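Asker: When you get a sec, could you give me coordinates for this:
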Amino acid sequence: MKKPDVVYLFPTYYTVNDTNKGDEEARGCAVSSSREIRLSEDYHLEDQKQSMLHEVIHLILEMGGYREQDEQIVDVLSLGILSMIRGNSDLIKWLEEVK
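Answerer: Numbers count the residues shown, from 1 in each chain. As a prediction, this is how the structure comes out:
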């Protein structure tokens, strides 16, 4: 399955673009002003997936008014949520269900 072109968060759509700008953006970067998530193609696919979730968490926190964000906390959340998604298909299906 290919990486999504767009990510929807609250009332906003974020375009997903590839970048390989090296150290400046490292593995990824979320730019709320341009409604964009940039992911480096220079990393393994698994690292790109974790980076995508990492950047989504940054955007969610920013939308919630949290301008100052701790990278270590965002890393722990992204790894934990990715692990939860992958290890709990029944939970994900239940969460997706709308009645």
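Asker: who's in contact with A26?
Answerer: Residues near A26 by CB atoms under 8 Å, 6 or more residues apart in numbering: S40. For the C-beta atoms, the positions are set from N, CA and C on the backbone; glycine is no exception.
Asker: let's have the chain start at 312 instead
Answerer: That works, and once the first residue is 312, the last one we named lands at A337.
Asker: mind checking the SS state of it?
Answerer: Three-state call for A337 (DSSP: H, G, I helix; E, B strand; the rest coil): coil.
Asker: same check, this time on the one 4 residues further on
Answerer: Following three-state DSSP, the label given to A341 is strand.
Asker: shouldn't it be in contact with L372?
Answerer: No. Using CB atoms under 8 Å, A341 is not in contact with L372, being 10.0 Å away.
Asker: Look at these two and report which has more neighbours.
Answerer: Neighbours were counted for A341 and for L372 using other CB atoms under 10 Å; A341 has more, 25 against 18.
Asker: Grab the nearest non-local neighbour of the more buried one.
Answerer: E366 (4.1 Å; CB to CB, 6 or more residues apart in numbering).
Asker: Let me see the contact set for the one you found.
Answerer: G339, C340, A341, I348, L350.
Asker: please redo it, this time with the cut-off set to 7 Å
Answerer: By CB atoms under 7 Å, 6 or more residues apart in numbering, E366 lies in contact with G339, C340, A341, I348.
Asker: and which of those residues is nearest to K360?
Answerer: Closest approach between these and K360, by CB to CB: G339, at 10.4 Å.
Asker: Could you say which helix or strand holds the residue nearest to that closest one when sequence neighbours are not counted?
Answerer: Closest residue in space to G339, ignoring its immediate chain neighbours: S362 at 3.8 Å, by CB to CB, 6+ apart. Applying DSSP states H and E as the criterion places S362 in helix 356-374.
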